[in-house]
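[1] Quick one: sequence and predicted model below, then my questions.
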Amino acid sequence: MHNPIHNDPVIVVGASSAGLFAAQLLGAANIPVHVYERSPTLNPRARTLIVTPEIERVLGHSARAAIVNSVHTLELCTTTKSVPISLDEPDLIIERADLIRLLARDAESAGVRLHFGHSFTGFVSDGDNAVVEFTRGDTGAVTRVRARAIIAADGVRSHVARVLGEPPRRTVPVIQARVRRPTNAPGVGKVWFVPRDTRYFYWLCPESPEYAAVGLVDADSRGARQKLDRFLAAEGLQPLEYQSALIPLYQPLLRRSRRIGNSEVMFVGDAAGQVKVTTVGGSVSGLLGAMAAARSVINHSAYTRELASVERELRLHWLVRSLMNRFVEAEYDVLLHLLGGPVASLLAVHNRDRIAAAFWPILAVQPRLPLLAAQALLRAGFGA
């Protein structure tokens, strides 16, 4: 008799970092895994990312091979104030394309089968497990694969989500320029809060002794390039090349999984919006989502239960971002003042992927932070 629990493979849709990491974990547990990727080859877009040291704890050697630099001090700025935060463990600068290639190598070493040039087209239910359908881009041939579970790792515009009737993920555009590194000390990253330009921020991360990436996260792609160019000119920086991306925003009410027959469909990474919306960073949280999906399959447990700690972190970032979106420049000036001293010491120890553990200690040493949030809510209106 066919036993779908033991015989059918796990199907991963999308060779993203989250998808490949989930596949590698499952392969290492001797679970058959097939990754289907729409692109004809593994050719990820290059983009410099700044991540917390959590990525090394999650990935180990795979992370180290993609690191191009580190940041020991993060300087938070407005147009008139700044506060440096010296990090106990440096942030890491990684090249996204290198990381994905390394994860693909590790997945194949774990026995995962990678299939390129296959576009996901839908599901067919046979009354038991789901059957996943793909179409080859070069021949148009249709492949159907019966799956014990499906991991949707196909990015911000997830086709799996669309087929299942999920609402589109909210996104923000990110545009960054490569520049010759300014003369500030090496190993210093910067974030500028300029609410008249964007409700998010400008940022700088040093790629190497010679170059840095300077970028803008904005709520609207219209005019973002012009804003970034004006900012670069004001800082005396000349863009050498540009990179851009759409980043999904975490939405607490979105479903992270669906069920088709006995097969669970689990969204991970950008397809799940597993992004910290305070910093608009999702590299580590997406990998943790992938780990939760793999554990769900290995342990025969609910994905939502395995994902609980990730969701707790992401909901906290969502709450803080909901408040920060109402700040004007004067309130950012106050915020930076309040983030100095004992709060900076806590932020130096608790990185952005482990901020929940620091939340109550931060409020204990700086009780004016809730008052600042209340002031912004009252001024801007609770529904703003």
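    Arrived safely, thanks for sending.
[2] Hmm, S257 is touching F267, no?
    Yes: assessed by C-beta atoms under 8 Å, S257 is found in contact with F267 at 6.7 Å. For the C-beta atoms, the positions are set from N, CA and C on the backbone; glycine is no exception.
[3] Neighbour count: the two, which is higher?
    Between S257 and F267, F267 has the larger neighbour count (other C-beta atoms under 10 Å), namely 30 against 20.
[4] any idea how far G14 is from the more buried one?
    The gap separating F267 from G14 is 10 Å, by C-beta to C-beta, to the nearest Å.
[5] Which residues are in contact with each of the two?
    152-153, 158 (C-beta atoms under 8 Å, 6 or more residues apart in numbering).
[6] and which of these is nearest S109?
    A153 (18.8 Å; C-beta to C-beta).
[7] Quick check: closest non-adjacent residue to the closest one.
    In space, and not counting its chain neighbours, A153 is closest to G19: 2.8 Å by C-beta to C-beta, 6 or more residues apart in numbering.
[8] Which strand or helix spans the one you found?
    helix 17-28 (DSSP states H and E).
[9] And the next helix or strand past that helix?
    Downstream of helix 17-28, the first helix or strand assigned by DSSP H and E is strand 33-37.
[10] quick one: that next one to helix 17-28, angle?
    Strand 33-37 and helix 17-28 meet at an angle of 160 degrees, taking axes from the mean of the first three to the mean of the last three C-alpha atoms, to 10 degrees as the criterion.
[11] Show me what strand 33-37 is packed against.
    Using 3 or more C-beta pairs under 8 Å, 6 or more residues apart in numbering; DSSP states H and E, the elements in contact with strand 33-37 are strand 10-13, helix 17-28, strand 113-116, strand 118-125.
[12] show me where this protein has helices.
    4-7, 17-28, 54-59, 61-64, 96-109, 159-163, 224-234, 283-299, 303-306, 308-324, 329-338, 342-349, 356-365, 368-380 (DSSP state H).
[13] Same list (those) but as TSV, adding mean pLDDT and distance to F193.
    Shown next, in TSV, are the helices of the chain (pLDDT from 0 to 100; distance: least, C-beta to C-beta, whole Å):
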stretch	mean pLDDT	distance to F193
helix 4-7	59	51
helix 17-28	98	28
helix 54-59	95	24
helix 61-64	82	29
helix 96-109	96	25
helix 159-163	96	32
helix 224-234	96	12
helix 283-299	97	22
helix 303-306	96	34
helix 308-324	96	8
helix 329-338	96	4
helix 342-349	94	15
helix 356-365	94	18
helix 368-380	90	13
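[14] For R169, find the nearest of those.
    Using C-beta to C-beta, the helices of the chain put helix 159-163 closest to R169, at 7.4 Å.
[15] Find the centremost residue of the protein, please.
    With distances taken as C-alpha atoms, centre = their mean, the residue of the chain nearest its centroid is G282 (1.2 Å).
[16] And the longest strand seen in the chain, what's buried?
    When the chain is parsed with DSSP state E, its longest strand is strand 82-95. Buried residues in strand 82-95, defined by neighbour count with 16 or more other C-beta atoms under 10 Å: 83, 85, 87, 90-95.
[17] And for stretch 157-165?
    158-161, 164.
[18] residues touching the closest residue to T52 other than its chain neighbours, list them.
    Closest residue in space to T52, ignoring its immediate chain neighbours: N351 at 4.0 Å, by C-beta to C-beta, 6+ apart. If a contact means C-beta under 8 Å, 6+ apart, then N351 has 52-54, 87, 89, 91 as its contacts.
[19] Can you tell me which of those residues lies closest to F193?
    Nearest to F193 among those, with distances taken as C-beta to C-beta, is D91, at 18.1 Å.
[20] what stretches of the stretch 151-300 of the chain score poorly on pLDDT?
    Applying pLDDT under 70 to the stretch 151-300 of the chain flags residues 184-185.
[21] any idea where the strands of it begin and end?
    171-180, 188-192, 201-206, 211-217, 241-248, 257-260, 263-267 (DSSP state E, counting those that start in this stretch).
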